[in-house]
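In: Provided below are the primary sequence and the corresponding predicted coordinates.
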Amino acid sequence: MSDNSSNSAYWSANVRIILISLVIWALVSFGFGILLRPMLSGIAVGGTDLGFWFAQQGSILVFLGLIFFYAWKMNKLDAEHGVEEE
Amino acid sequence: MSQFAINLMFVGASFALYIGIAIWARAGSTSEFYAAGRGIHPVTNGMATAADWMSAASFISMAGLIAFTGYDNSSFLMGWTGGYVLLALLLAPYLRKFGKFTVSEFIGDRFYSQTARIVAVICLIVASTTYVIGQMTGVGVAFGRFLEVSNTTGLLIGACVVFAYAVFGGMKGVTYTQVAQYVVLIMAYTIPAIFISLQLTGNPIPALGLFGDHVASGEPLLQKLDAIVGELGFNEYTAHHADTLNMVLFTLSLMIGTAGLPHVIMRFFTVPKVSDARWSAGWALVFIALLYLTAPAVGAMARLNITDMMWPNGTSGDAVSVEQIENEPRYDWMATWQKTGLLDWEDKNGDGKIQYYNDKNADMQAMAAEKGWEGNELTKFNRDILVLANPEIANLPSWVIGLVAAGGLAAALSTAAGLLLAISSAVSHDLIKGAINPGISEKGELLSARIAMGVAIAVATYLGLNPPGFAAQTVALAFGLAAASIFPALMMGIFSKKINNTGAVAGMLAGLTVTLVYIFLHKGWLFIPDTNSFTDADPLLGTIKSTSFGAVGAAVNFGVAYLVASMTKPIPQEIKDLVESVRVPKGAGVAQDH
């Protein structure tokens, strides 16, 4: 632990990215897919509504985006804080 | 050539391929047996993880559960993919940095306690064994159909094959075999779906066809489906009927459970670098999503096809006649599946026709009385047969049917093998070498690993004869157990420097116990039929079914761990340093055995 202050800045940046990602994660699945579905019922998608689409397709696509975003963002953050692997 | 011969050819060829690869890449040392020397590229690892992950539950069972329930079972889709987000963000990179072989090693070291390690091993064994029971249910259905024998005989034959297959090699054999299995599995799932989507909607991509127009009627497919199932007294396909609280908890249990299952987490120990562990989770989900985006289309389209088949003259015309079922080639699948004991019909009112409708619906009962129907005559349609029967129902070419048989077996076998590996490494590496007899020889360790596999499969086969539910439902219980026990301990181990040894042990034990008891109260003690006090139709706590309880168990685990830790001694400095070092990728060497 040579550089604790840099490590803690790195860690809080990481936790912030995780929190933002998890808010989106919950919003598309539990939100749009289940709890907020009645609010989206006005938006028609192929014979049904947007909530149904999120529950069966949309949430999965957003999950994919989130994981790749996180991997990209963190690999950049590793380099910025000098904690990447040799 | 008969369909049986074609199935045999496809299944035989795919098996020859897997076994060939397993022999070619046979594990030598213990380190190779567990983690394949860590030389695996993230994309390869992602594909193997996907094969490992997508089991009989995803391949054989899930679309059937969606087909007969509709929107309400979307939980399976969101739950089993959303867990990868948790895995990628909260666990995978840190566990790779920690750099040992198994999940329980992390728990043992982080909570500086041999007891914590043993409790973690027990949690892993309980969750994995439950999971294998679900797989065996699927194996029984697949072998029963393809050998044209009863479900029970199919299960027994399948168990022997799984065992022979799993003892062949360790993870390295399994990694490359699983890449081959993924390819077989995904082709077997998507090719029939593409055919059916073209037939019904003219769109070659099933995920888009689902939201497209039904060619025969010109209406949107889902609207058409809502209308015809409604006319037979069933719930509208796209509408929300399930209890919302239970649906949310169920989805959450599946998500947390995904991130707590040892055979999936173990995969992330096998990539070369921490940054690769992050990418690996993404690649795994790419390969998984190919199936999961297709599954809801398979479900909806199969439901439409089955309804059309039972009501060839429309829901207001005459039902299909017994004579048609017996003589017309497009109804042949019904006779073949009848042999497995998983599909059946009975002309209750003796009118020579088979009326399929919801006889629990009051309006339908009134209509049935008027027309002289005496109840639903499609008396049995096991949800687990839908995917395997689907190409036959849609009248697809016989090579597609053979391919699906091979794919179903690949899905069940790959996961069963991965789980047996996790169970055997938990017993031999963590329990025997780690706690009971540290001086055990490599040979002795491998032998005990294989004995553990044998015992696990025997138990799972025995319980698989009377499974607690359809394959995907049993598997969901395993996820609940993993969610309540392992995930919270791992997460607190990384994200908190306050949780100490006693807190973690108390949390895991509390989470596992409440969840296990809740499940046994509803599904029977040790899953033995008729020993249950409650049913999922009328659960103990409000509307929370036993399959959804994992999320509650996880909350109990977090709560107890926090409370106990705040009342006992704080964690030592060297463990705080360990947590610090796990949090940064720098210095991740080649992970070591100990």
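Out: Alright, I've got the coordinates.
In: and the residue nearest the centre of chain A, helix, strand or coil?
Out: In chain A, the centroid-proximal residue (Cα atoms, centre = their mean) is residue A:21; its distance is 2.7 Å. Secondary structure for residue A:21, judged by DSSP: H, G, I helix; E, B strand; the rest coil, is helix.
In: these two touch, right, it and residue A:70?
Out: Yes. Counting by Cβ atoms under 8 Å, residue A:21 does reach residue A:70; the two are 5.8 Å apart. Yep, even glycine has a C-beta here, placed from its N, CA and C like the rest.
In: now for those two: what residues contact both?
Out: Residues touching both residue A:21 and residue A:70 by Cβ atoms under 8 Å, 6 or more residues apart in numbering or on different chains: residue B:89.
In: distance of the closest residue to residue B:546 other than its chain neighbours relative to residue B:257?
Out: In this structure, residue B:546 finds its nearest non-sequential neighbour in residue B:522, 3.8 Å apart by Cβ to Cβ, 6 or more residues apart in numbering or on different chains. Relative to residue B:257, residue B:522 is positioned 17 Å away (Cβ to Cβ, to the nearest Å).
In: neighbour count winner among those two?
Out: The residue with more neighbours, out of residue B:522 and residue B:257, is residue B:257; 32 against 23, by other Cβ atoms under 10 Å in any protein chain shown.
In: the strands in the stretch 301-450 of chain B, which residues?
Out: B:320-321, B:343-344, B:353-354, B:380-381 (DSSP state E, counting those that start in this stretch).
In: out of those strands, which is closest to chain A?
Out: Comparison of those against chain A by Cβ to the nearest Cβ identifies strand B:380-381 as nearest, at 22.0 Å.
In: backbone torsions only: list them for residue B:219.
Out: phi -90, psi 160 (degrees, to the nearest 10).
In: and it, what is it in contact with?
Out: By Cβ under 8 Å, 6+ apart, the neighbours of residue B:219 are A:47, B:213, B:227.
In: against residue B:219, how distant is the second one?
Out: So that's residue B:213. Taken as Cβ to Cβ, the span from residue B:213 to residue B:219 is 7 Å.
In: need the residues of the stretch 51-200 of chain B near chain A, please.
Out: B:71, B:74, B:77-78, B:81-82, B:84-85, B:88-90, B:93 (Cβ under 8 Å from any Cβ of the partner chain).
In: recalculate using a threshold of 7 Å.
Out: Residues of the stretch 51-200 of chain B lying close to chain A by Cβ under 7 Å from any Cβ of the partner chain are B:71, B:74, B:77-78, B:81-82, B:84-85, B:88-89.
In: now these in JSON lines, with secondary structure and neighbour count?
Out: Below are these laid out as JSON lines (DSSP: H, G, I helix; E, B strand; the rest coil; neighbours: other Cβ atoms under 10 Å in any protein chain shown):
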{"residue": "B:71", "secondary structure": "helix", "neighbour count": "26"}
{"residue": "B:74", "secondary structure": "helix", "neighbour count": "27"}
{"residue": "B:77", "secondary structure": "helix", "neighbour count": "27"}
{"residue": "B:78", "secondary structure": "helix", "neighbour count": "28"}
{"residue": "B:81", "secondary structure": "helix", "neighbour count": "25"}
{"residue": "B:82", "secondary structure": "helix", "neighbour count": "30"}
{"residue": "B:84", "secondary structure": "helix", "neighbour count": "28"}
{"residue": "B:85", "secondary structure": "helix", "neighbour count": "30"}
{"residue": "B:88", "secondary structure": "helix", "neighbour count": "29"}
{"residue": "B:89", "secondary structure": "helix", "neighbour count": "24"}
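In: would you confirm that residue B:64 contacts residue B:388?
Out: No. Using Cβ atoms under 7 Å, residue B:64 is not in contact with residue B:388, being 9.1 Å away.
In: which residues sit against stretch B:417-434?
Out: Residues from elsewhere that reach stretch B:417-434 (Cβ atoms under 7 Å, 6 or more residues apart in numbering or on different chains): B:34, B:52, B:101-102, B:104-105, B:117-118, B:121, B:124-125, B:128-129, B:131-132, B:165-166, B:170-171, B:174, B:262-263, B:266, B:440, B:445, B:448-450, B:452-453, B:456-457.
In: what about chain A, any weak spots by pLDDT?
Out: A:1-6 (pLDDT under 70).
In: quick one: name the residues of it near chain B.
Out: A:1, A:7, A:10-11, A:18, A:21, A:25, A:29-30, A:33-35, A:37, A:45-48, A:52-53, A:55-57, A:59-60, A:63-64, A:66-68, A:70-71, A:74-75, A:78, A:83-85.
In: buried among those residues? Make that a PyMOL selection.
Out: Buried residues within those, by 16 or more other Cβ atoms under 10 Å in any protein chain shown, are selected in PyMOL with:
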select buried, chain A and resi 7+10+11+18+21+25+29+30+33+34+35+37+45+46+47+48+52+53+55+56+57+59+60+63+64+66+67+68+70+71+74+75+78+83+84+85
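In: check contacts around residue B:571.
Out: If you count contacts by Cβ under 7 Å, 6+ apart, then residue B:571 has B:497, B:500 around it.
In: from chain A, how far out is it?
Out: 16 Å (Cβ to the nearest Cβ, to the nearest Å).
In: max-length helix in chain B?
Out: With secondary structure taken from DSSP state H, chain B has its longest helix at helix B:274-310.
In: mean confidence score for that one?
Out: Mean pLDDT, helix B:274-310: 93.
In: could you pull up phi and psi at residue B:342?
Out: According to degrees, to the nearest 10, residue B:342 has phi -100, psi 0.
In: is it true that it touches residue B:382?
Out: Yes. Counting by Cβ under 7 Å, residue B:342 does reach residue B:382; the two are 3.8 Å apart.
In: more neighbours, the two?
Out: residue B:342 (21 against 18).
In: pLDDT at the more buried one, what is it?
Out: 89.
In: redo the strands of the stretch 301-450 of chain B as JSON lines? Include mean neighbour count and distance to chain A.
Out: As requested, the strands of the stretch 301-450 of chain B are exported to JSON lines (neighbours: other Cβ atoms under 10 Å in any protein chain shown; distance: least, Cβ to the nearest Cβ, whole Å):
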{"stretch": "strand B:320-321", "mean neighbour count": "20", "distance to chain A": "26"}
{"stretch": "strand B:343-344", "mean neighbour count": "16", "distance to chain A": "26"}
{"stretch": "strand B:353-354", "mean neighbour count": "20", "distance to chain A": "29"}
{"stretch": "strand B:380-381", "mean neighbour count": "16", "distance to chain A": "22"}
